[in-house]
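In: dropping a prediction and its sequence here:
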Amino acid sequence: MQLSSGRKVIFSCALILILLFSTASVAAQTTESAGQTKKYVAFREDDVAPYAKFAQLEAVNQLTMDKNVPVTLGIIPHPWPSPSGNQLIEVNRTFLEYMRSLTSNPLFQFAQHGYTHLDLGPSPEGPSEFYGRPYAEQYQAIKQGRDDIIQAFGVTPTSFLPPFDKSDNNTLRACEALGFTEYSTGFPDFNQNGGHLDGMQLDTIGIELGNNSLQSLENATARWLNDPHSIDTFVVLYHPSDFSGPNGSVNPDEMKLLSDYIDYLQGTGRVQFTTLDHSSTTTGTGGAASSSAGGTPNGANSPSSAGFDSAVNDLGGTIAGLAALAVVGVVVLFSLAFILLVRFRKSKTRRL
Ligand SMILES: [Zn+2]
(Lines give C-alpha, C1' and ligand atoms only; values in the text may rest on other atoms or scores of the structure.)
Protein backbone atom coordinates (compact mmCIF):
# COMPACT_ATOMS: atom_id res chain seq x y z
CA MET A 1 0.00 0.00 0.00
CA GLN A 2 2.63 2.48 1.09
CA LEU A 3 4.97 1.39 -1.66
CA SER A 4 2.40 2.21 -4.34
CA SER A 5 1.83 5.77 -3.13
CA GLY A 6 4.77 7.15 -5.12
CA ARG A 7 3.44 5.47 -8.24
CA LYS A 8 -0.01 6.82 -7.49
CA VAL A 9 1.32 10.38 -7.55
CA ILE A 10 3.08 9.82 -10.85
CA PHE A 11 0.09 8.00 -12.33
CA SER A 12 -2.39 10.68 -11.25
CA CYS A 13 -0.20 13.49 -12.60
CA ALA A 14 0.25 11.67 -15.90
CA LEU A 15 -3.49 11.05 -16.21
CA ILE A 16 -4.34 14.68 -15.54
CA LEU A 17 -1.69 15.84 -18.01
CA ILE A 18 -3.08 13.54 -20.72
CA LEU A 19 -6.63 14.77 -20.08
CA LEU A 20 -5.50 18.37 -20.12
CA PHE A 21 -3.58 18.04 -23.36
CA SER A 22 -6.34 16.15 -25.17
CA THR A 23 -8.91 18.78 -24.14
CA ALA A 24 -6.59 21.56 -25.25
CA SER A 25 -5.95 19.79 -28.54
CA VAL A 26 -9.67 19.38 -29.28
CA ALA A 27 -10.25 23.03 -28.43
CA ALA A 28 -7.33 24.07 -30.64
CA GLN A 29 -8.73 22.06 -33.55
CA THR A 30 -12.14 23.66 -33.09
CA THR A 31 -10.52 27.08 -33.09
CA GLU A 32 -8.58 26.29 -36.25
CA SER A 33 -11.53 24.99 -38.22
CA ALA A 34 -13.75 27.77 -36.95
CA GLY A 35 -11.18 30.23 -38.28
CA GLN A 36 -11.24 28.58 -41.67
CA THR A 37 -15.00 28.69 -42.01
CA LYS A 38 -15.38 32.36 -41.23
CA LYS A 39 -15.87 33.12 -44.91
CA TYR A 40 -19.25 33.96 -46.32
CA VAL A 41 -20.77 34.15 -49.77
CA ALA A 42 -23.76 36.47 -50.08
CA PHE A 43 -25.91 36.32 -53.19
CA ARG A 44 -27.33 39.72 -54.06
CA GLU A 45 -30.23 39.70 -56.52
CA ASP A 46 -30.73 43.23 -57.87
CA ASP A 47 -33.58 44.87 -59.78
CA VAL A 48 -36.34 42.98 -58.01
CA ALA A 49 -39.23 45.19 -59.07
CA PRO A 50 -42.83 44.95 -60.28
CA TYR A 51 -41.48 44.94 -63.86
CA ALA A 52 -38.93 42.18 -63.20
CA LYS A 53 -39.07 39.21 -65.54
CA PHE A 54 -41.37 37.15 -63.37
CA ALA A 55 -40.60 33.66 -64.73
CA GLN A 56 -36.89 34.32 -64.23
CA LEU A 57 -37.37 35.85 -60.79
CA GLU A 58 -39.38 32.86 -59.66
CA ALA A 59 -37.07 30.28 -61.26
CA VAL A 60 -33.84 31.63 -59.81
CA ASN A 61 -35.36 32.04 -56.36
CA GLN A 62 -36.66 28.48 -56.52
CA LEU A 63 -33.18 27.26 -57.41
CA THR A 64 -31.56 28.93 -54.41
CA MET A 65 -34.43 27.76 -52.17
CA ASP A 66 -33.93 24.17 -53.34
CA LYS A 67 -30.26 24.47 -52.43
CA ASN A 68 -31.04 26.06 -49.07
CA VAL A 69 -29.01 29.14 -49.98
CA PRO A 70 -30.00 32.57 -48.64
CA VAL A 71 -30.35 35.55 -50.98
CA THR A 72 -30.60 39.31 -50.47
CA LEU A 73 -33.27 40.81 -52.71
CA GLY A 74 -32.50 44.33 -53.94
CA ILE A 75 -35.98 45.82 -54.34
CA ILE A 76 -36.67 48.86 -56.53
CA PRO A 77 -39.73 50.50 -54.96
CA HIS A 78 -40.75 53.04 -57.62
CA PRO A 79 -39.43 52.26 -61.10
CA TRP A 80 -42.04 54.21 -63.15
CA PRO A 81 -42.89 57.92 -63.23
CA SER A 82 -46.52 57.02 -62.51
CA PRO A 83 -48.62 56.09 -60.66
CA SER A 84 -47.45 58.28 -57.85
CA GLY A 85 -48.53 55.91 -55.06
CA ASN A 86 -46.87 52.74 -53.86
CA GLN A 87 -45.97 50.92 -57.08
CA LEU A 88 -44.98 47.77 -55.17
CA ILE A 89 -48.65 47.42 -54.30
CA GLU A 90 -50.44 49.02 -57.20
CA VAL A 91 -49.01 47.80 -60.48
CA ASN A 92 -48.51 44.04 -60.38
CA ARG A 93 -50.67 41.86 -58.18
CA THR A 94 -48.77 38.67 -59.06
CA PHE A 95 -45.48 40.25 -58.06
CA LEU A 96 -46.96 41.61 -54.82
CA GLU A 97 -48.40 38.28 -53.75
CA TYR A 98 -45.27 36.40 -54.71
CA MET A 99 -43.06 38.78 -52.74
CA ARG A 100 -45.38 38.62 -49.74
CA SER A 101 -45.09 34.83 -49.84
CA LEU A 102 -41.31 35.16 -49.49
CA THR A 103 -41.45 37.31 -46.36
CA SER A 104 -42.01 34.26 -44.16
CA ASN A 105 -39.03 32.44 -45.69
CA PRO A 106 -35.87 33.17 -43.67
CA LEU A 107 -33.70 32.51 -46.74
CA PHE A 108 -34.69 35.89 -48.22
CA GLN A 109 -33.59 39.28 -46.97
CA PHE A 110 -35.54 42.27 -48.29
CA ALA A 111 -33.13 45.10 -49.10
CA GLN A 112 -33.65 48.47 -50.79
CA HIS A 113 -32.11 49.09 -54.22
CA GLY A 114 -32.58 52.86 -54.60
CA TYR A 115 -36.00 54.39 -55.20
CA THR A 116 -36.57 54.84 -58.95
CA HIS A 117 -33.33 53.33 -60.29
CA LEU A 118 -33.31 56.12 -62.88
CA ASP A 119 -30.20 58.05 -63.86
CA LEU A 120 -30.98 61.30 -62.06
CA GLY A 121 -27.56 62.28 -60.75
CA PRO A 122 -25.60 64.99 -62.58
CA SER A 123 -22.63 62.67 -62.62
CA PRO A 124 -20.01 63.07 -65.30
CA GLU A 125 -18.72 59.63 -64.30
CA GLY A 126 -21.59 57.46 -65.38
CA PRO A 127 -25.21 56.85 -64.43
CA SER A 128 -26.44 57.28 -60.86
CA GLU A 129 -29.74 57.80 -59.13
CA PHE A 130 -28.20 59.74 -56.24
CA TYR A 131 -24.66 60.99 -56.95
CA GLY A 132 -24.41 64.79 -56.77
CA ARG A 133 -28.01 65.41 -55.70
CA PRO A 134 -28.73 67.52 -52.58
CA TYR A 135 -28.99 65.73 -49.27
CA ALA A 136 -32.66 66.59 -48.69
CA GLU A 137 -33.66 65.15 -52.08
CA GLN A 138 -31.74 61.95 -51.53
CA TYR A 139 -33.12 61.57 -48.01
CA GLN A 140 -36.68 62.05 -49.19
CA ALA A 141 -36.37 59.54 -52.04
CA ILE A 142 -34.73 56.88 -49.89
CA LYS A 143 -37.26 57.42 -47.11
CA GLN A 144 -40.19 57.12 -49.52
CA GLY A 145 -38.79 53.89 -50.93
CA ARG A 146 -38.19 52.46 -47.50
CA ASP A 147 -41.73 53.37 -46.43
CA ASP A 148 -43.16 51.76 -49.59
CA ILE A 149 -41.33 48.50 -48.84
CA ILE A 150 -42.59 48.54 -45.25
CA GLN A 151 -46.14 49.22 -46.40
CA ALA A 152 -46.13 46.55 -49.14
CA PHE A 153 -44.33 43.73 -47.36
CA GLY A 154 -44.31 44.57 -43.65
CA VAL A 155 -40.52 44.36 -43.66
CA THR A 156 -38.14 47.20 -42.77
CA PRO A 157 -35.07 47.09 -45.02
CA THR A 158 -31.75 47.55 -43.22
CA SER A 159 -29.47 47.10 -46.24
CA PHE A 160 -29.14 49.76 -48.95
CA LEU A 161 -27.80 48.98 -52.43
CA PRO A 162 -27.33 52.14 -54.54
CA PRO A 163 -28.34 51.59 -58.20
CA PHE A 164 -25.46 51.53 -60.69
CA ASP A 165 -23.14 51.09 -57.66
CA LYS A 166 -22.78 54.84 -57.66
CA SER A 167 -23.53 57.15 -54.74
CA ASP A 168 -21.90 59.85 -52.61
CA ASN A 169 -21.45 60.98 -49.01
CA ASN A 170 -24.97 62.44 -48.91
CA THR A 171 -26.37 59.01 -49.80
CA LEU A 172 -24.45 57.52 -46.89
CA ARG A 173 -25.63 60.23 -44.50
CA ALA A 174 -29.26 59.81 -45.56
CA CYS A 175 -29.10 56.02 -45.21
CA GLU A 176 -27.55 56.22 -41.80
CA ALA A 177 -30.13 58.80 -40.69
CA LEU A 178 -32.88 56.45 -41.89
CA GLY A 179 -31.56 53.57 -39.82
CA PHE A 180 -29.80 51.47 -42.46
CA THR A 181 -27.02 49.41 -40.92
CA GLU A 182 -25.50 47.82 -44.00
CA TYR A 183 -24.45 49.23 -47.41
CA SER A 184 -23.39 47.29 -50.48
CA THR A 185 -21.79 48.83 -53.55
CA GLY A 186 -18.91 48.44 -55.99
CA PHE A 187 -15.32 49.09 -54.94
CA PRO A 188 -14.92 52.27 -57.06
CA ASP A 189 -17.87 53.97 -55.34
CA PHE A 190 -15.78 54.82 -52.24
CA ASN A 191 -12.50 53.08 -53.12
CA GLN A 192 -13.11 50.82 -50.18
CA ASN A 193 -13.25 47.08 -49.74
CA GLY A 194 -15.32 46.03 -46.72
CA GLY A 195 -15.07 47.75 -43.37
CA HIS A 196 -17.43 50.53 -42.38
CA LEU A 197 -18.92 53.62 -44.03
CA ASP A 198 -20.50 56.23 -41.79
CA GLY A 199 -21.21 53.61 -39.15
CA MET A 200 -22.74 51.18 -41.64
CA GLN A 201 -21.18 47.86 -42.56
CA LEU A 202 -19.86 47.93 -46.15
CA ASP A 203 -20.14 44.80 -48.27
CA THR A 204 -18.25 45.38 -51.49
CA ILE A 205 -19.39 43.47 -54.58
CA GLY A 206 -17.00 40.59 -55.28
CA ILE A 207 -18.15 39.40 -58.70
CA GLU A 208 -21.05 39.53 -61.12
CA LEU A 209 -22.47 36.16 -62.13
CA GLY A 210 -23.76 37.18 -65.55
CA ASN A 211 -20.40 38.22 -67.01
CA ASN A 212 -18.58 35.06 -66.06
CA SER A 213 -18.00 31.41 -66.89
CA LEU A 214 -18.00 28.80 -64.15
CA GLN A 215 -14.22 28.63 -64.40
CA SER A 216 -13.75 32.36 -63.92
CA LEU A 217 -16.19 32.35 -60.98
CA GLU A 218 -14.22 29.52 -59.39
CA ASN A 219 -10.89 31.24 -60.00
CA ALA A 220 -12.07 34.50 -58.45
CA THR A 221 -13.54 32.65 -55.48
CA ALA A 222 -10.35 30.64 -54.92
CA ARG A 223 -8.26 33.85 -54.99
CA TRP A 224 -10.55 35.39 -52.37
CA LEU A 225 -10.52 32.23 -50.22
CA ASN A 226 -6.76 31.87 -50.31
CA ASP A 227 -5.93 35.52 -49.68
CA PRO A 228 -5.34 35.85 -45.93
CA HIS A 229 -6.16 39.56 -46.12
CA SER A 230 -9.42 39.27 -48.07
CA ILE A 231 -12.69 40.54 -46.59
CA ASP A 232 -14.99 38.02 -44.90
CA THR A 233 -17.93 38.26 -47.27
CA PHE A 234 -17.82 37.65 -51.02
CA VAL A 235 -20.82 39.33 -52.62
CA VAL A 236 -22.06 37.71 -55.83
CA LEU A 237 -24.38 39.91 -57.87
CA TYR A 238 -27.03 38.82 -60.36
CA HIS A 239 -30.36 40.05 -61.74
CA PRO A 240 -33.50 38.14 -62.74
CA SER A 241 -32.89 39.38 -66.31
CA ASP A 242 -29.53 37.53 -66.37
CA PHE A 243 -31.58 34.33 -66.62
CA SER A 244 -33.53 35.38 -69.72
CA GLY A 245 -33.69 33.03 -72.67
CA PRO A 246 -35.39 33.55 -76.05
CA ASN A 247 -39.09 34.53 -76.12
CA GLY A 248 -39.40 35.15 -72.41
CA SER A 249 -38.09 31.72 -71.48
CA VAL A 250 -35.73 30.95 -68.63
CA ASN A 251 -32.19 30.36 -69.85
CA PRO A 252 -31.17 26.84 -68.77
CA ASP A 253 -27.46 27.52 -69.25
CA GLU A 254 -27.49 30.45 -66.84
CA MET A 255 -29.53 28.43 -64.34
CA LYS A 256 -26.97 25.64 -64.60
CA LEU A 257 -24.15 28.13 -64.10
CA LEU A 258 -25.61 29.32 -60.80
CA SER A 259 -26.41 25.77 -59.72
CA ASP A 260 -22.89 24.53 -60.53
CA TYR A 261 -21.32 27.52 -58.82
CA ILE A 262 -23.30 26.88 -55.61
CA ASP A 263 -22.21 23.22 -55.75
CA TYR A 264 -18.60 24.33 -56.17
CA LEU A 265 -18.84 26.71 -53.20
CA GLN A 266 -20.35 24.00 -51.04
CA GLY A 267 -17.71 21.52 -52.19
CA THR A 268 -14.90 23.72 -50.91
CA GLY A 269 -16.19 23.14 -47.37
CA ARG A 270 -14.81 26.56 -46.51
CA VAL A 271 -17.72 28.93 -47.04
CA GLN A 272 -21.12 29.53 -45.59
CA PHE A 273 -23.97 31.18 -47.43
CA THR A 274 -25.49 34.26 -45.89
CA THR A 275 -27.60 37.33 -46.51
CA LEU A 276 -25.98 40.77 -46.46
CA ASP A 277 -27.36 41.43 -42.98
CA HIS A 278 -26.27 37.93 -41.87
CA SER A 279 -29.81 37.26 -40.65
CA SER A 280 -29.74 33.86 -42.31
CA THR A 281 -26.67 31.66 -42.66
CA THR A 282 -26.52 28.12 -44.03
CA THR A 283 -24.06 25.62 -45.41
CA GLY A 284 -26.36 24.96 -48.36
CA THR A 285 -27.88 21.55 -49.10
CA GLY A 286 -27.34 18.62 -46.80
CA GLY A 287 -26.53 20.42 -43.56
CA ALA A 288 -22.89 20.20 -42.58
CA ALA A 289 -20.50 20.99 -45.41
CA SER A 290 -17.80 18.45 -46.03
CA SER A 291 -14.48 18.73 -47.78
CA SER A 292 -15.22 16.66 -50.84
CA ALA A 293 -12.77 15.40 -53.42
CA GLY A 294 -10.91 18.26 -54.99
CA GLY A 295 -11.60 20.30 -51.90
CA THR A 296 -9.05 22.13 -49.89
CA PRO A 297 -6.12 20.49 -48.17
CA ASN A 298 -7.27 21.98 -44.89
CA GLY A 299 -10.90 20.99 -45.46
CA ALA A 300 -12.76 22.22 -42.42
CA ASN A 301 -15.88 20.37 -41.44
CA SER A 302 -17.24 22.01 -38.36
CA PRO A 303 -20.14 24.06 -39.68
CA SER A 304 -22.54 22.16 -37.47
CA SER A 305 -21.12 23.76 -34.35
CA ALA A 306 -23.19 26.58 -32.99
CA GLY A 307 -22.60 30.28 -32.95
CA PHE A 308 -21.59 31.06 -36.51
CA ASP A 309 -23.57 34.23 -36.56
CA SER A 310 -21.27 35.86 -34.04
CA ALA A 311 -18.48 35.43 -36.55
CA VAL A 312 -16.23 38.18 -35.30
CA ASN A 313 -16.30 37.19 -31.66
CA ASP A 314 -16.10 33.42 -32.10
CA LEU A 315 -12.38 33.02 -32.55
CA GLY A 316 -11.42 35.40 -29.74
CA GLY A 317 -13.91 33.68 -27.48
CA THR A 318 -12.48 30.25 -28.18
CA ILE A 319 -8.91 31.39 -27.55
CA ALA A 320 -9.94 33.05 -24.28
CA GLY A 321 -11.78 29.87 -23.27
CA LEU A 322 -8.72 27.81 -24.10
CA ALA A 323 -6.45 30.00 -21.97
CA ALA A 324 -8.87 29.84 -19.02
CA LEU A 325 -9.05 26.05 -19.39
CA ALA A 326 -5.25 25.80 -19.31
CA VAL A 327 -4.99 27.96 -16.18
CA VAL A 328 -7.67 25.95 -14.36
CA GLY A 329 -6.01 22.70 -15.48
CA VAL A 330 -2.59 23.75 -14.19
CA VAL A 331 -4.05 24.87 -10.83
CA VAL A 332 -5.94 21.57 -10.45
CA LEU A 333 -2.85 19.60 -11.42
CA PHE A 334 -0.58 21.31 -8.88
CA SER A 335 -3.16 21.08 -6.08
CA LEU A 336 -3.60 17.36 -6.69
CA ALA A 337 0.11 16.73 -6.89
CA PHE A 338 0.60 18.68 -3.67
CA ILE A 339 -2.11 16.74 -1.79
CA LEU A 340 -0.82 13.40 -3.00
CA LEU A 341 2.76 14.30 -2.12
CA VAL A 342 1.79 15.35 1.40
CA ARG A 343 -0.11 12.07 1.86
CA PHE A 344 2.83 10.13 0.48
CA ARG A 345 5.26 11.78 2.91
CA LYS A 346 2.88 11.27 5.86
CA SER A 347 2.53 7.57 5.12
CA LYS A 348 6.28 7.29 4.72
CA THR A 349 6.78 9.05 8.05
CA ARG A 350 4.30 6.69 9.72
CA ARG A 351 6.11 3.69 8.29
CA LEU A 352 9.42 4.95 9.51
ZN1 LIG B 1 -29.89 47.67 -60.42
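Out: Everything's here; your move.

In: and the most centrally placed residue in the chain, bridged to which residues?
Out: Nearest to the geometric centre of the chain sits Thr274, at 3.6 Å (CA atoms, centre = their mean). For Thr274, the beta-bridge partners are Ala42, Thr281 (DSSP bridges).

In: just to check, it is in contact with Thr281?
Out: Yes - taking contacts as CB atoms under 8 Å, Thr274 lies within contact range of Thr281: 4.4 Å. Backbone N, C-alpha and C define where each C-beta goes, glycine included.

In: shared neighbours of those two, which are they?
Out: Listed as contacting both Thr274 and Thr281 by CB atoms under 8 Å, 6 or more residues apart in numbering are Tyr40, Pro70.

In: all helices of the protein, in order?
Out: Using DSSP state H, the helices of the chain run over residues 2-36, 54-66, 87-90, 93-102, 135-153, 169-177, 187-190, 214-226, 252-268, 311-351.

In: OK, contacts around the residue nearest to the centre of the chain?
Out: Contacts here follow CB under 8 Å, 6+ apart; on that basis Thr274 touches Tyr40, Val41, Ala42, Pro70, Thr233, Ser280, Thr281, Thr282.

In: of those residues, list those near the ion.
Out: Among the contacts of Thr274, no residue is within reach of the ion (CB under 5 Å from the ion).

In: of these, which pair is most distant in space?
Out: Maximum pairwise distance among the contacts of Thr274 (CB to CB): 14.3 Å, between Thr233 and Thr282.

In: of the two, who's got more company?
Out: Higher neighbour count among Thr233 and Thr282: Thr233, with 24 against 20, using other CB atoms under 10 Å.

In: pull the number of nearby residues for Gly85.
Out: 12.

In: please apply the same query to Pro70.
Out: Pro70, neighbours per other CB under 10 Å, totals 27.

In: please apply the same query to Arg223.
Out: Around Arg223 there are 11 other residues, counting by other CB under 10 Å.

In: could you find the closest non-adjacent residue to it?
Out: Excluding the flanking residues, the one nearest Arg223 by CB to CB, 6 or more residues apart in numbering is Ser230, at 8.0 Å.

In: how far does stretch 163-179 sit from the chain's center?
Out: Computed by CA atoms, centre = their mean, to the nearest Å, the chain-centroid distance of stretch 163-179 equals 22 Å.

In: I misspoke; the intended subject was stretch 268-277.
Out: For stretch 268-277, the distance to the chain centre is 5 Å (CA atoms, centre = their mean).

In: next, the distance between the ends of that stretch.
Out: End-to-end span of stretch 268-277 (CA to CA, to the nearest Å): 23 Å.

In: show me the contacts for the spatially closest residue to Thr158 that is not a sequence neighbour.
Out: Of all residues not flanking Thr158 in the chain, Thr181 sits nearest, at 4.9 Å (CB to CB, 6+ apart). Thr181 makes contacts with Thr158, Ser159, Met200, Gln201, Asp277, as judged by CB under 8 Å, 6+ apart.

In: ranking those residues by neighbours, who comes first?
Out: Ser159 (27 neighbours).

In: what is that residue paired to in the beta sheet?
Out: Note on Ser159: beta-bridge partners by DSSP bridges are Glu182.
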